[in-house]
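**Q** requesting a structural model of the entry that follows:
(chains A and B)
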Amino acid sequence: MATVTLSAVTKSYAGNAVIHGIDCVIEDGEFVVIVGPSGCGKSTLLRMVAGLEAITGGTIAIGDRVVNQVEPKDRDIAMVFQNYALYPHMTVFQNMAYGLKIRGLSRDAIRARVDKAAEILQLGALLERTPRQLSGGQRQRVAMGRAIVREPQVFLFDEPLSNLDAKLRVQMRVEIKRLQQRLGTTSIYVTHDQTEAMTLADRLIVLNGGIAEQIGRPIELYERPASLFVAGFIGSPAMNFLDGAAGDDGRVVLAGGTVLAATAPAGSGVTVGIRPEHLVPAAESEAAAHLHVDMVELLGADTIVYGTLGEGGPALLLRLAGIAQIAAGTRLPLGFPPEQLHLFDRATGKRL
Amino acid sequence: MQRRVVFDGKLLPYLLVAPQLAVTLVFFFWPAAEAVYFSTQRQDAFGLSTVFVGFENFAAVFADPGYLHSFQVTAIFSVAVTLLAMLPALLLAVMADRVVRFASVYKTALMLPYAVAPAIAGVLWLFLFAPGIGIVANALKWLGIDWNYLLNGNQALLLVIVAAAWKQLSYNFLFFLAGLQAIPKSLLEAASIDGAGGFLRFRTIVLPLLSPTTFFLFVVDVVYAFFETFGVIHAVTGGGPSKATEILIYKVYYDGVVGLDLGGSSAQSVVLMIIVIALTAVQFRYVERRVHY
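**A** Numbering: from 1, shown residues only, chains lettered A, B, ... in the order given. Below is the predicted model:
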């Protein structure tokens, strides 16, 4: 068990910076998810912790030890790869025992550890098979098994679920979370899937273009996104953004003329964000604006309404709980609850 | 599972394989059949009459001490050529795989020997090692080594082994390199996180995953050593000195074309054919079991 400390970590390839100084202390036993769109540098960051990529600047420490110059094999970490990276010429047992054998454990100790891991992951019946004979979910579990038998200080996960089908992904997600809680091992998990990120993480690092946009608990990020990027990335369906401006009195007025119960520094350009689930239908007399409905998706548990704010205005999504009978083409009076509005500086994208 | 595309036509498949079959028939089955036929015949010195003699030619061949000697030479030669063509090729491929800059230059340079015709390659080595004029021969002399492969049979055998192996090196290199590049990088990364150092990774991950390539090359190289080294030997030593480099295929040529013993030569080539078929069958039967596909 150990903390992982990233201090001003940077990475560049031939002068092109891809990671621009990340600072983060990952506590002992914490499950941290690094999330971001493809190409944001999240896998690179993870691989730097693993020792598979050199660190250009800053330091990475595991426990009290700075590991910048330490070989992957000496960092006491285990990694689960996106394509599982199982050794195709070895059985499941040999795959899991490989690292233990290299570390010189006795035959009995290896057997005991592999059996224990196999029991946790329900791989007992598969130990003598080769990876080729396994399904995707089983391979995934073997990759997990190979990581846990080592009893490392840190688990690293590089998009481990992205090769699975949707149903299996949800199931494995729950298993990973349960396993981590049971073992209490510090874990760093990389994904581009915000649902995975929200459900697994104790804390999230939202990475965009090599910069940590925000680090915090999932619910903090949902409730108080620090930037437009985080606001748009966390939450599904994504937050609505509307252009607005603060008048002389500081009251925010949307481009369509709707006046909101929110204030910003006078005269500044503002992007107003509101989540689809926070928009509320209002009585006609109290409506702040009208949604012109073009399409309705009935999902059973909730209803997604697509439309525009006013005639030909900006696109807006509304999510209502349960089944709402709304026809396309109707005008839906809407209210903007002031406590659910997020205001961002239009120039910098930062939260106001 | 790969899905197979099936065409319904009856004629098309035959048409498609016809050219290959024609080539095989004309250049392999026909000569092979002729060889089998002639191995049971004896011809007079002027080629005017032939008589059926059953297995007499085979009996004569196996009673010939020269033939048994040629057997020994071939065994040493083929084992040495195969090893010498494969091990350095593997080493070079591993190193070329790690080269980042100018990789294609290295690869092209390492591929060149394969583009050289066997006889030309032989002449090249001849020039390098010819006693008196060869640059390497002179260097060896300067080092105090008495180099004269025209007189020393062991030196001659060594020279043709090296020349033949050099020629095949490129081919092996190319396949090893392709094999190495087909190994997913994440496997090696996983192994290094599992604690394996460079050599251990090579032994426990790379070599087993390379085994299909190694097996294939082993079969190809043995067949190469048996048959295709004729040009090199012919150019460098002509089977000499005193038959020290006369491998079986060279003896077939020498006895048949130079010695004009058509029946004996045919019998030898039938024996050779059986040996290679048997060797290949053995390789596939026993070695393949240890191969991980």
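
**Q** centroid-nearest residue for chain B?
**A** Chain B has residue B:224 as the residue nearest its centroid, 1.7 Å off, counting by Cα atoms, centre = their mean.

**Q** from residue A:38, how far off is it?
**A** 47 Å (Cβ to Cβ, to the nearest Å). For every residue, glycine as well, the C-beta is placed using N, CA and C.

**Q** now residue B:46
**A** 82 Å.

**Q** same check on residue B:277?
**A** In terms of Cβ to Cβ, residue B:277 sits 54 Å off from residue A:38.

**Q** kindly report the same for residue B:92.
**A** Distance of residue B:92 to residue A:38, computed by Cβ to Cβ: 37 Å.

**Q** higher neighbour count, those two?
**A** residue B:92 (19 against 8; other Cβ atoms under 10 Å in any protein chain shown).

**Q** so that one is in which element?
**A** Using DSSP states H and E, residue B:92 sits in helix B:65-98.

**Q** for that helix, the distance to its chain's centre please.
**A** 8 Å (Cα atoms, centre = their mean, to the nearest Å).

**Q** right, and residue A:100 touches residue A:109 too?
**A** Yes: checked against Cβ atoms under 8 Å, the pair residue A:100 and residue A:109 is within contact range at 7.4 Å.

**Q** more neighbours: which of the two?
**A** Taking other Cβ under 10 Å, residue A:100 and residue A:109 do not tie; residue A:100 has more neighbours (22 against 12).

**Q** so is whatever helix or strand the more buried one lives in next to chain B?
**A** Using DSSP H and E, residue A:100 sits in helix A:92-102. Yes: Helix A:92-102 lies within reach of chain B by Cβ under 8 Å from any Cβ of the partner chain, at A:98, A:99, A:102.

**Q** burial count for the residue lying closest to residue B:135 once chain neighbours are set aside?
**A** If the residues on either side of it in the chain are set aside, residue B:135 comes closest to residue B:128, at 6.0 Å by Cβ to Cβ, 6 or more residues apart in numbering or on different chains. By the measure other Cβ under 10 Å, the count of residues near residue B:128 is 16.

**Q** so residue B:128, which of the three states?
**A** helix (DSSP: H, G, I helix; E, B strand; the rest coil).

**Q** give the burial count for the closest residue in space to residue B:44 that isn't next to it in sequence, as a bare number.
**A** Distances taken as Cβ to Cβ, 6+ apart place residue B:50 nearest to residue B:44, at 7.8 Å, with adjacent residues excluded. Using other Cβ under 10 Å, residue B:50 is surrounded by 15 other residues.

**Q** test my guess that residue B:50 contacts residue B:40.
**A** No: with contact defined as Cβ under 8 Å, residue B:50 does not reach residue B:40; the gap is 9.8 Å.

**Q** and the closest residue to chain B within the stretch 101-250 of chain A, how many neighbours?
**A** Distances between the stretch 101-250 of chain A and chain B by Cβ to the nearest Cβ are smallest at residue A:102, namely 4.2 Å. Neighbourhood size, residue A:102 [other Cβ under 10 Å]: 16.

**Q** okay, it: pLDDT?
**A** pLDDT for residue A:102: 90.

**Q** ok, it to residue A:8 distance?
**A** For residue A:102, the distance to residue A:8 equals 34 Å [Cβ to Cβ].

**Q** residue B:8 belongs to a strand?
**A** No: with three-state DSSP as the criterion, residue B:8 is coil rather than part of a strand.

**Q** burial count for it?
**A** Residues lying near residue B:8 (other Cβ under 10 Å) number 5.

**Q** could you check the pLDDT of it?
**A** Looking at residue B:8, its pLDDT is 71.

**Q** gap between it and residue A:91?
**A** 43 Å.

**Q** and if you look at residue B:282?
**A** As for residue B:282, its distance to residue A:91 is 28 Å (criterion: Cβ to Cβ).

**Q** these two: which is more packed in?
**A** Between residue B:282 and residue A:91, counting by other Cβ under 10 Å, residue A:91 is the more crowded of the two (17 against 10).

**Q** I figured the more buried one hits residue A:123, correct?
**A** No: with contact defined as Cβ under 8 Å, residue A:91 does not count as touching residue A:123 (11.1 Å).

**Q** you'd agree residue A:311 is up against residue A:292?
**A** Yes: contact criterion Cβ under 8 Å: residue A:311 and residue A:292 qualify, at 6.0 Å.

**Q** can you list the residues of the stretch 101-250 of chain B near chain A?
**A** By Cβ under 8 Å from any Cβ, the residues of the stretch 101-250 of chain B that approach chain A are B:184, B:186-187, B:189-197, B:200, B:204-205, B:208-209.

**Q** pLDDT score for residue A:71?
**A** With respect to pLDDT, residue A:71 scores 89.

**Q** quick one, what contacts the residue lying closest to it once chain neighbours are set aside?
**A** Distances taken as Cβ to Cβ, 6+ apart put residue A:51 closest to residue A:71, at 6.3 Å, once the chain neighbours are dropped. Contacts of residue A:51 were listed using Cβ atoms under 8 Å, 6 or more residues apart in numbering or on different chains, and they are A:67, A:70, A:71, A:72, A:75, A:77, B:193.

**Q** which among the residues you listed count as buried?
**A** The neighbour count (16 or more other Cβ atoms under 10 Å in any protein chain shown) marks A:67, A:72, A:75, A:77, B:193 as buried among those.

**Q** now the phi/psi pair for the third one, please.
**A** When you say that, I think you mean residue A:75. phi -90, psi -10 (degrees, to the nearest 10).

**Q** would you agree it is in contact with residue A:63?
**A** No: Residue A:75 lies out of contact with residue A:63 (Cβ under 8 Å); the separation is 10.1 Å.

**Q** in the host helix or strand of residue B:207, what counts as buried?
**A** If you go by DSSP H and E, residue B:207 is part of helix B:207-223. Neighbour-count burial for helix B:207-223 flags B:208-211, B:213-215, B:217-223 (criterion: 16+ other Cβ under 10 Å).

**Q** ok and that helix relative to helix B:65-98, angle-wise?
**A** For helix B:207-223 against helix B:65-98, the angle by axes from the mean of the first three to the mean of the last three Cα atoms, to 10 degrees is 140 degrees.

**Q** show me what helix B:207-223 is packed up against.
**A** Helix B:207-223 is packed against helix B:65-98, helix B:153-181, helix B:262-282, with contacts defined by 3 or more Cβ pairs under 8 Å, 6 or more residues apart in numbering or on different chains; DSSP states H and E.

**Q** please render the ones you listed as CSV that adds distance to residue A:190 and mean pLDDT to the earlier fields.
**A** Putting the helices and strands packed on helix B:207-223 into CSV (distance: least, Cβ to Cβ, whole Å; pLDDT from 0 to 100) gives the following:
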stretch, distance to residue A:190, mean pLDDT
helix B:65-98, 27, 89
helix B:153-181, 26, 88
helix B:262-282, 49, 84
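
**Q** return the most buried member of the ones you listed.
**A** Among those, the stretch with the highest mean neighbour count (mean count of other Cβ atoms under 10 Å in any protein chain shown) is helix B:153-181, at a mean of 21.

**Q** quick one: contacts of the helix or strand following that helix?
**A** Next helix or strand after helix B:153-181 toward the C-terminus (DSSP H and E): helix B:185-193. For helix B:185-193, contacts defined as Cβ under 8 Å, 6+ apart pick out A:50-52, A:71-73, A:77-79, A:81-83, A:85-87, A:98-99, A:146, B:200-201, B:204-206, B:209.
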